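>>> I would like to see how this sequence folds:
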Amino acid sequence: MPLQLPGRENRLAEPPAFSVREVADEIAPATSTPYALYGHSMGARLAFEVVRELRRRDLPPPTRLYVGAAHPPHLRVPLAATADLPDDAFIDQLVRRAGALAELRDEPELRELMLPLLRSDFAWIKRYRYTPEPPLDTPVVAVAGVDDGEVGPSDMLGWARHTAAGFGLRTVRGGHFFVKDTHEELARLITADLADEVGPPEEDEVHVWLTGGAAGANEVLRHYAGDVRASACDADGLGLVAVTRAHRAGVAVRRSAGAPPEAVDLSELGVTEREQIEDAAEEDRHWLAERAVTARRALVAGAGQEARLDAFPDLGDPGPWQVQGWQVLHLPLHTPGGAARGAVAVPYGGARLALFTLKDRTR
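I've put the predicted structure just below:
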């Protein structure tokens, strides 16, 4: 059931103004029966705020909140800085960075139609200010496009801190507007998730489970009836399990909350990697070291000791990292026990990631 904001599509003739309270008013009558919400890009922050508004009204929460292609609400949106650019520069940024229609550059009628709406959306994003409140009592599932260069899967992991009821991440084929390009795949994903179904990973997919320890691997494998391969890692009672259909995978995890910089053992890294860390600003050394060490451990777990030979060329690159034919994905994790950092390595590029949490297992 689409909720159409004014000024969009079939409401194009209306001024494109709205408020969170107005959107909540429209949804409130439907809360007497089980429901879920999906918000995409700007709509993800809007849906998040609507759920908080419904909570303030003591109305039943959704069974799930799905958020697609959006930075978590406590972080700024880098693309929002384009809101005040001249028209040509504004459109160029949207086309290059967010996958907007290239025709906006050259078709005056389309441009005249869409610019007021786009300006309004980006003005709302720029004005948005996150106000801390208790985490939601609603599970949150973040959805990222594997080709979205503006909001990647690692960016969307930050949504985990906004729920106390369970968090998951899925990646789908497509860019920032996958909601239009791959809507059938998205519909299947949501349908399966609402039914608590976990099918086997596809050929280009890796399932990663956050558990309460390495012992959780046996619990994870109970979700799979088919032939799958699993790799597990445990760090102080926090575990990651990677599941693939046929390819090998490597996984690593370490807790990071409150750890001093010297707590990271750099002996597993090569000379050039240690030099990169030493040359970095002092405030950046710890997280660079953590990323490098977890990535190296995941790579070695998957590819073997020969993976120690090649250095990671740029530790500041958000990734995924490509090394010796392997792809390393970084996982900044938010758990009830604090921050953690994980990494998963798979022997192919363009891997789609699905992150699940074993309920009541993380601390």
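>>> only C-alpha atoms for contact and neighbour calcs from this point on.
Noted.
>>> Which parts of the stretch 151-300 of the chain are helices?
Taking DSSP state H, counting those that start in this stretch, the helices of the stretch 151-300 of the chain run over residues 153-156, 178-181, 183-194, 216-221, 271-279, 285-303.
>>> tell me the centre residue of the chain?
Among the residues of the chain, the one closest to the centroid is M156, at 2.5 Å (CA atoms, centre = their mean).
>>> What's the local residue count around V228?
15 (other CA atoms under 10 Å).
>>> So for Y38, which of the helices of the stretch 151-300 of the chain sits nearest?
When those are ranked by distance to Y38, counting by CA to CA, first place goes to helix 183-194 at 9.3 Å.
>>> how far out from the middle of the chain is the closest one?
Computed by CA atoms, centre = their mean, to the nearest Å, the chain-centroid distance of helix 183-194 equals 16 Å.
>>> now stretch 234-243
19 Å.
>>> picking that back up, looking at the helices of the stretch 151-300 of the chain, spot the one closest to L353.
Among these, the nearest to L353 by CA to CA is helix 153-156 (7.9 Å).
>>> chain center to the closest one, what's the gap?
Once both centres are worked out by CA atoms, centre = their mean, helix 153-156 turns out to sit 3 Å from its chain's centre.
>>> For it, give me every contacting residue.
69-72, 142-146, 169-171, 330-332, 353 (CA atoms under 8 Å, 6 or more residues apart in numbering).
>>> how about stretch 296-314: buried residues?
By 16 or more other CA atoms under 10 Å, the buried positions in stretch 296-314 come out as R296, R297, A298, L299, V300, A301, G302, A303, A307, R308, A311, F312.
>>> Among those residues, pick out the one closest to D284, please.
Nearest to D284 among the buried residues of stretch 296-314, with distances taken as CA to CA, is F312, at 16.6 Å.
>>> got the phi/psi numbers for the residue nearest to P6 when sequence neighbours are not counted?
Nearest non-adjacent residue to P6, counting by CA to CA, 6 or more residues apart in numbering: P16, 5.0 Å away. Backbone dihedrals for P16, given as degrees, to the nearest 10, come out at phi -80, psi 50.
>>> Count the neighbours of T33 for me.
Neighbour number of T33 under other CA under 10 Å is 8.
>>> Give me the pLDDT value at it.
The per-residue pLDDT reported for T33 equals 97.
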